[in-house]
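Visitor: Return atomic coordinates for the entry below.
(one chain, ligands or ions: 1)
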Amino acid sequence: MALRHLMSPLDFSTGELDKLMDLANDIEKNPDKYAHVCAGKKIATLFYEPSTRTRLSFEAAMLNLGGSVLGFHSSDSSSAAKGESVSDTMRIVSCYADIAAMRHPKEGAPLVASMKSMIPVINAGDGGHQHPTQTLTDLLTIRSLKGHFEGLTIGLCGDLKFGRTVHSLINALSRYDNIRFVLISPEELRVPSYVREAMRAQNIPFEEVVKLDEETMKDLDILYMTRVQKERFFNEEDYLRMKDFYILDKEKMDLAPEKMLVLHPLPRVNEISVDVDNDPRAAYFKQAQYGVYIRMALILTLLGLEVK
Ligand code: CP
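Guide: Numbers count the residues shown, from 1 in each chain. Below is the predicted model of the structure:
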């Protein structure tokens, strides 16, 4: 089987994504069938930036498949602290593991690493650029809970400038018919121009608004909330000014459509009040669970392993 990496959600065709999501749904329904398929296989989680969900869900995914895990959770605890390049690290890790997931603060670092790798490399988030496995998680959540992508109106709210999950999700959803985006952000945190230009080039309808109010929410099928990305701000003052710009609380949810799902890649800070957690439209904790199933499906697919 040819060596295959995952750097962007567009690395998979929509047909391949359908197969991946079908596999994830089967894993959800029949976990025992997959419990030993990765026996003897190892995943390396190479995290140069903090993570709870992505790293632990990759590790849980491999353990659920009967495999093992190794890795590091910060650059300080690896030889990156001594100046080792990601390419050299990846060459070495290729000798120890069968597949690797890498998160790095620099855009493109997992791609550079993949060029020297002898094993599949998965981009687990690179700076403010892309987070393809979060997007796979988001797609699986939407398809499982809404049943389809076509015709959906998706509101993306918060830090659309630095929020890499937003850039990946717009990329991925733009391939489905009759998708419309409502981009809700303060002026300073609008989507980067390359994302806007890509939507224009594909004739994807979108509007940019500042307020998260009844008028903005009235046509939404999905409201995708995001945290203001403190770690990517150049100064604390700007972050403090922006951090509580949006707070989705019970009062706001009372104005939202009955069928509007609320997603969030998490972690949240203040942007969704805990009083929304018990609302049946709040799907962000389910979303984190779907992240394990889709990562299990991804590991199997990139390793070329099938279960009959
Ligand atoms: N959604 C997400 O990437 O979460 P972590 O930063 O905890 O991995």
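
Visitor: Could you pull up the residues touching Tyr34?
Guide: Shown in contact with Tyr34 (CB atoms under 8 Å, 6 or more residues apart in numbering): Ile27, Asn64, Leu65, Met296, Leu300, Val307. For the C-beta atoms, the positions are set from N, CA and C on the backbone; glycine is no exception.

Visitor: and Met1, how far is that from Ser78?
Guide: Separation of Met1 from Ser78 (CB to CB, to the nearest Å) stands at 29 Å.

Visitor: For those two, indicate the residue with more neighbours.
Guide: Of the pair Met1 and Ser78, Ser78 is the one with more neighbours under other CB atoms under 10 Å, namely 17 against 8.

Visitor: Please verify my assumption that the more buried one contacts Ala44.
Guide: No - contact criterion CB atoms under 8 Å: Ser78 and Ala44 do not qualify, at 10.8 Å.

Visitor: So what does the most far-flung residue of the chain relative to its centre look like in phi/psi?
Guide: Farthest-out residue of the chain from its mean C-alpha position, per CA atoms, centre = their mean: Lys82, at 29.9 Å. For Lys82, the backbone dihedrals (degrees, to the nearest 10) come out as phi -100, psi 0.

Visitor: The stretch 1-150 of the chain: strands as residue ranges?
Guide: With DSSP state E, counting those that start in this stretch, the ranges of strands along the stretch 1-150 of the chain come out as 42-47, 68-72, 99-104, 121-126.

Visitor: Write out the residues of this structure neighbouring the ligand.
Guide: Within reach of the ligand by CB under 6 Å from any ligand atom, the chain has these residues: Ser51, Thr52, Arg53, Thr54, Gly125, Gln134, Pro265, Leu266, Pro267.

Visitor: List the contacts of the fourth one.
Guide: Looking back up the chat, that one is Thr54. Shown in contact with Thr54 (CB under 8 Å, 6+ apart): Phe47, Ala101, Arg103, Ala124, Gly125, His131, Thr133, Gln134, Gly291.

Visitor: Need the contact partners of the worst-scoring helix or strand of the chain on mean pLDDT.
Guide: The helix or strand of the chain with the poorest confidence is helix 236-242; it has a mean of 80 (mean pLDDT, DSSP states H and E). Helix 236-242 is touched from outside by Asp159, Pro186, Glu188, Leu189, Val228, Lys230, Phe233, with contacts defined as CB under 8 Å, 6+ apart.

Visitor: ok, Asp18 to the ligand distance?
Guide: From Asp18 across to the ligand, the span is 23 Å (CB to the nearest ligand atom, to the nearest Å).

Visitor: likewise Met225?
Guide: Taken as CB to the nearest ligand atom, the span from Met225 to the ligand is 12 Å.

Visitor: Ok, Leu298 next?
Guide: Separation of Leu298 from the ligand (CB to the nearest ligand atom) stands at 15 Å.

Visitor: tell me the contacts of Glu208?
Guide: Taking CB under 8 Å, 6+ apart, we find Glu208 in contact with Leu183, Ile184, Ser185, Arg190, Val191.

Visitor: Fine, thanks again, bye for now.
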